[in-house]
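Undergrad: quick one, fold the following:
(one chain, ligands or ions: 1)
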Amino acid sequence: MIGGGIVGLSIGWRLAAAGCAVDVFERAKAGQAASRAAAGMLAAGVEAEPGEQPLLPLCLESQRLWPDFAAELEAASGLEVGLRREGTMVVALTRDDLNILRSNYEFQRKLGLPLEWLTGAQAKEREPFLNPRVAAAVYSPNDGQVDNRKACGALVVALAKAGGRLHEGVEVTGVEVTNGRVAGVVLGDGLHQADVVVLAAGAWSRQMAGLPPASLPPVRPVKGQMLSVSMDPADPLLRHVVWGPKCYLVPRADGTLIVGATTEEKGFDASLTAGGVLALLEAAWRTLPGIEERPITEMWTGFRPGSRDDAPILGPALGVDGLVLATGHHRNGILLAPITADAIAGYVLAGQVDPRIAGFGADRFAPREAAA
Ligand code: GLY
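TA: A predicted model of the protein is given here:
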């Protein structure tokens with residue numbers, strides 16, 4: 001397994017639990033890149049965007065799997081992962097926001113999503129500290145959140161308990177291919193042999209030496225800047241995940257309120273910028289004015305692994321037997337971890353592509369003559 005983020009750890013855990021010899025190679029610390037940067041929203045409903053209809057069944061299926069996945073992970077690790085299922089709200093403040101909210105609501109309702117329209121007064125009944133000018137909101141009862149940092153910590157423990165080996169601080173510099181088949185991964189001290197190599201290196205998945213260009217997943221980094229403030233956990237400013245205009249707000253049980261996120265095409269530039277932080281704070285303050293008094297606890301950046309159609313790339317790589325891709329999750333890495341783990345582990349064990357991921361293979365990006 002190349003990559004110790006939530007995707008690599010989840011697949012590794014599933015495979016180790018099924019009796020496979022699993023080695024997860026992580027060049028830094030497990031779960032500390034995009035899996036740490038994420039906010040952990042499980043928001044298949046409100047994140048459904050026009051043009052992304054093919055992705056929706058995958059997101060809904062993984063959202064359905066999360067409660068069992070979380071319970072199993074908590075039982076296996078002895079650690080809790082902070083799954084919360086109180087629903088999510090999207091709020092509109094201005095007339096423009098209202099028009100966008102109504103149009104998204106109608107689009108999402110046509111997709112069969114169980115959303116509820118709330119007046120401004122109804123929204124404030126549920127979240128009294130919202131901007132008093134809130135004009136309307138949409139409530140999505142099935143959306144929620146998980147504490148992604150806790151989930152990664154639990155996966156590290158569950159992987160080890162299942163017999164999987166995690167190698168932190170070990171960089172895979174390439175994949176060795178012999179006669180069109182993977183022979184293993186190249187480490188600083190030589191070849192580590194493997195029957196199957198799963199490439200789950202997030203935004204870095206394209207940077208793997210030794211592979212023919214056609215086998216590399218077309219993934220790029222999509223930068224996000226984020227920050228958090230602390231609330232009084234006994235009297236939090238917010239109880240639901242709330243999407244305001246130009247930001248989202250994710251309250252954790254310990255009083256942390258996460259504010260996200262910018263979306264930037266800046267390559268691997270990890271800098272926090274004044275403009276990025278200003279935009280987040282302004283949007284968050286307009287939605288929830290009470291944050292003005294709250295201390296800022298953390299600011300960070302992360303790199304979403306974006307693919308050309310914003311959907312993940314799951315299943316066998318083109319042109320190299322034994323190489324399996326689990327990357328390109330873009331905005332949905334945490335949400336899609338359970339379905340990715342089940343489907344990729346199932347593929348490694350049985351050699352069959354799970355019908356639920358059939359539309360998300362690397363072949364969709366192949367030039368037409370190569371795919372034929
Ligand atoms: N899913 C939230 C984000 O990508 O910022």
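Undergrad: can you get me a residue count around the closest residue to G276 other than its chain neighbours?
TA: Distance criterion CB to CB, 6 or more residues apart in numbering; nearest residue to G276, sequence neighbours excluded, is Q225 at 3.9 Å. Yep, even glycine has a C-beta here, placed from its N, CA and C like the rest. Q225 has 25 neighbours, counted by other CB atoms under 10 Å.
Undergrad: measure Q225 to the ligand for me?
TA: Look at Q225 and the ligand: by CB to the nearest ligand atom, to the nearest Å, they are 10 Å apart.
Undergrad: quick one: contacts for V138?
TA: Residues in contact with V138 (CB atoms under 8 Å, 6 or more residues apart in numbering) are 46, 89-90, 101, 104-105, 108, 115-118.
Undergrad: one more time with 7 Å
TA: Counting by CB atoms under 7 Å, 6 or more residues apart in numbering, V138 makes contact with 46, 89-90, 101, 105, 115-118.
Undergrad: separation between A48 and V24?
TA: Counting by CB to CB, to the nearest Å, the gap between A48 and V24 amounts to 32 Å.
Undergrad: the more surrounded of those two?
TA: When neighbours are counted by other CB under 10 Å, A48 and V24 differ, and V24 comes out ahead with 28 against 20.
Undergrad: list the contacts of A366.
TA: By CB under 7 Å, 6+ apart, the contact set of A366 is L318.
Undergrad: check V24 too.
TA: Counting by CB under 7 Å, 6+ apart, V24 has contacts 1, 4, 8-9, 12, 159, 164, 166-167.
Undergrad: next, give me the two most distant ones among those residues.
TA: Pairwise distances across the contacts of V24 (CB to CB) peak at 12.4 Å, for the pair L9 and H167.
Undergrad: neighbour-wise, which of these two wins?
TA: Comparing L9 with H167 by other CB under 10 Å, the one with more neighbours is L9, at 31 against 17.
Undergrad: double-check that the more buried one belongs to a helix.
TA: Yes: assessed by DSSP: H, G, I helix; E, B strand; the rest coil, L9 belongs to a helix.
Undergrad: and stretch 206-223, which residues are buried?
TA: Residues 206, 208, 210-211, 215-223 are the ones in stretch 206-223 that count as buried (16 or more other CB atoms under 10 Å).
Undergrad: one more: stretch 40-53?
TA: By 16+ other CB under 10 Å, the buried positions in stretch 40-53 come out as 40-48, 52.
Undergrad: residue contacts, the nearest residue to G164 once chain neighbours are set aside?
TA: Leaving aside its sequence neighbours, G164 sits nearest to A16 (CB to CB, 6+ apart; 3.4 Å). With contact taken as CB under 7 Å, 6+ apart, A16 is in contact with 22, 159, 162-164.
Undergrad: so A16: helix, strand or coil?
TA: Using three-state DSSP, the structure places A16 in helix.
Undergrad: could you do D97 as well?
TA: helix.
Undergrad: still on that earlier bit, closest to R331 among the contacts of V138?
TA: In terms of CB to CB, no member of the contacts of V138 lies closer to R331 than V46, at 11.8 Å.
Undergrad: so the closest one makes contact with W243?
TA: Yes: if you go by CB atoms under 7 Å, V46 and W243 touch, sitting 6.1 Å apart.
Undergrad: thought I6 was touching S35?
TA: Yes: counting by CB under 7 Å, I6 sits close enough to S35 to count as a contact (4.2 Å).
Undergrad: ok, the residue nearest the centre of the chain - contacts?
TA: Residue closest to the average C-alpha location in the chain (CA atoms, centre = their mean): G333, at 2.0 Å. Residues in contact with G333 (CB under 7 Å, 6+ apart) are 6-7, 34-35, 38.
Undergrad: tell me, which of these make contact with the ligand?
TA: Filtering those for neighbours of the ligand using CB under 6 Å from any ligand atom leaves an empty set.
Undergrad: narrow those residues to those in helices?
TA: Judged by DSSP state H, the contacts of G333 include 6-7, 34-35 as members of helices.
Undergrad: let's have those in CSV, adding neighbour count.
TA: Output for the ones in helices among the contacts of G333, formatted as CSV (neighbours: other CB atoms under 10 Å):
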residue, neighbour count
I6, 32
V7, 30
A34, 26
S35, 27
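Undergrad: now those as TSV including pLDDT and distance to A362?
TA: Shown next, in TSV, are those (pLDDT from 0 to 100; distance: CB to CB, whole Å):
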residue	pLDDT	distance to A362
I6	98	21
V7	98	15
A34	98	20
S35	98	22
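Undergrad: of those, closest to the ligand?
TA: A34 (9.1 Å; CB to the nearest ligand atom).
Undergrad: my guess is that closest one contacts A200, does it?
TA: No: A34 lies out of contact with A200 (CB under 7 Å); the separation is 11.1 Å.
Undergrad: what subset of the contacts of A16 is buried?
TA: With burial judged by 16+ other CB under 10 Å, the buried subset of the contacts of A16 is 22, 159, 162, 164.
Undergrad: for D309, see how far away the first one is.
TA: Separation of V22 from D309 (CB to CB): 30 Å.
Undergrad: if we can go back for a sec, what is in contact with V46 and W243 at once?
TA: Counting by CB under 7 Å, 6+ apart, the residues touching both V46 and W243 are V90.
Undergrad: can you report how many residues lie near P289?
TA: P289 has 15 nearby residues by other CB under 10 Å.
Undergrad: what sits against it?
TA: Counting by CB under 7 Å, 6+ apart, the residues that P289 touches are N131.
Undergrad: if we can go back for a sec, any common contacting residues for I6 and S35?
TA: 148, 152, 333.
Undergrad: pipe those residues into TSV and attach secondary structure per row.
TA: TSV is the format used below for the shared contacts of I6 and S35 (three-state DSSP):
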residue	secondary structure
N148	helix
C152	helix
G333	coil
